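Engineer: take this sequence and fold it.
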Amino acid sequence: MPDTTDKAGEDFEQVLDQSATEVASFDHRHHTPLERLQHLLHSNPAAVPLIVLVMSLLIFGLIVGSKFFSPFALTLILQQVAIVGFVGAAQTLVILTAGIDLSVGAIMVLSSVVMGQFTFRYGFPPEIAVLCGFAVGAACGFINGALVALVRLPPFIVTLGMWQIILASNFLYSANETIRSQDISQSAPLLQFFGNKISIGGAVLTFGVITMVLLVLALNYVLNHTSWGRHVYAVGDDPDAAELAGVRVKRTLISVYVCAGLICALAGWVLIGRIGSVSPTAGQFANIESITAVVIGGISLFGGRGSILGMMFGALIVGVFSLGLRMIGTDPQWTYLLIGLLIISAVAIDQWIRKISV
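Structural biologist: Down below sits the predicted model:
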């Protein structure tokens, strides 16, 4: 009798060889230039905002002239987007998990108010007051994360409610009083630390700008080269599949929101240095500005795809448009109009890029 086992094994190997050949032929099929562009943009999410940023710089440079490329003008853009860069970094972490955080601006302001009030109302050393501000930011982030991960409430609803609660708490706690810049510089200069400047040639950089760039680079490394970063992307892409793969989804979500809260607290400290005072009314539009930077930066609102470098490019694009149009002398409303068009275009491009992975 013929050996049926050997015969079945040979047939199975033939099927595998045939399948491998078919897959190889499929993989090496001819791609159109448009499909190759889709693949390129899908694998490099920060490419689109980087291209837009470079084109914006070139266009405004041609219109305004060489003074637009002066070291002072370029570093002025960085100073203008420093706060947005911090809050946008926090927003990026949350949106990568397919969530959204509408409370980032309120957490930032409340943390700055706590730092100021603990110093001047209660007489705490500035170092301790700053740590208390970070504790408040982390606590707010933990509440957001627990409600989203453990109670399974929608992130939009949770952070919308927390935004109102934190905003009200901020005004009630501070009694809507501003701590003046002169008082801070005399009694607690540490609170204004990130407003200190260094000059390199004609460029003027604040410690806040330098810290923002270092934070973005550090988070870019963490998201791309650590297991925690891979878990963040996995949770945003498909939480059920991530859980089956061994990712602790709830723990990851809570850690993301806590980290976002800590970054917002750092932004609150930088905000004091930026404006010189502690104001409960500062940074009212930070949540919207952070979402704008994230969307223009090519980070998908559906989660699981994007680069934090893209967020920084998106913030810089807004800064370039704001400064360029101001130097031209146009109505400031044109800035909002063009940014609105950029937001819609960025979402449309994201939808188009996502089709390549289907």
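Engineer: what about the residue lying closest to residue 118 once chain neighbours are set aside, distance to residue 190?
Structural biologist: Once flanking residues are discounted, residue 118 sits nearest to residue 129: 3.8 Å by Cβ to Cβ, 6 or more residues apart in numbering. (Glycine included, C-beta is placed from N, CA and C.) As judged by Cβ to Cβ, to the nearest Å, residue 129 and residue 190 stand 9 Å apart.
Engineer: those two: who's more crowded?
Structural biologist: The residue with more neighbours, out of residue 129 and residue 190, is residue 129; 23 against 18, by other Cβ atoms under 10 Å.
Engineer: confidence score at that one?
Structural biologist: Note for residue 129: predicted pLDDT of 97.
Engineer: hang on, the earlier thing: mutual contacts of residue 129 and residue 190, please.
Structural biologist: Counting by Cβ atoms under 8 Å, 6 or more residues apart in numbering, no residue touches both residue 129 and residue 190.
Engineer: ok, back up a step: what helix or strand is the residue nearest to residue 118 located in?
Structural biologist: Counting by DSSP states H and E, the element that carries residue 129 is helix 126-149.
Engineer: just checking, what packs against that helix?
Structural biologist: Applying 3 or more Cβ pairs under 8 Å, 6 or more residues apart in numbering; DSSP states H and E, one finds that helix 126-149 contacts helix 104-120, helix 155-174, helix 249-275.
Engineer: tell me the angle of the second one relative to helix 104-120?
Structural biologist: Same thing as helix 155-174. Per axes from the mean of the first three to the mean of the last three Cα atoms, to 10 degrees, the angle that helix 155-174 makes with helix 104-120 is 20 degrees.
Engineer: now do helix 155-174, average pLDDT.
Structural biologist: For helix 155-174, mean pLDDT rounds to 96.
Engineer: same question, stretch 278-295
Structural biologist: Mean pLDDT, stretch 278-295: 91.
Engineer: any idea how far apart the tips of that stretch sit?
Structural biologist: Using Cα to Cα, to the nearest Å, one end of stretch 278-295 lies 29 Å from the other.
Engineer: residue contacts, the closest residue to residue 148 other than its chain neighbours?
Structural biologist: Leaving aside its sequence neighbours, residue 148 sits nearest to residue 155 (Cβ to Cβ, 6+ apart; 5.1 Å). For residue 155, the contact set (Cβ under 8 Å, 6+ apart) comprises 94, 99, 100, 101, 144, 148.
Engineer: so what's the residue count around the last one?
Structural biologist: Spelled out, that is residue 148. By other Cβ under 10 Å, the residues close to residue 148 number 25.
Engineer: correct me, but it touches residue 157?
Structural biologist: No. Using Cβ atoms under 8 Å, residue 148 is not in contact with residue 157, being 9.5 Å away.
Engineer: re earlier: can I get the contacts of residue 155 in CSV with distance to residue 279?
Structural biologist: Formatted as CSV, the contacts of residue 155 follow (distance: Cβ to Cβ, whole Å):
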residue, distance to residue 279
94, 25
99, 29
100, 26
101, 22
144, 24
148, 30
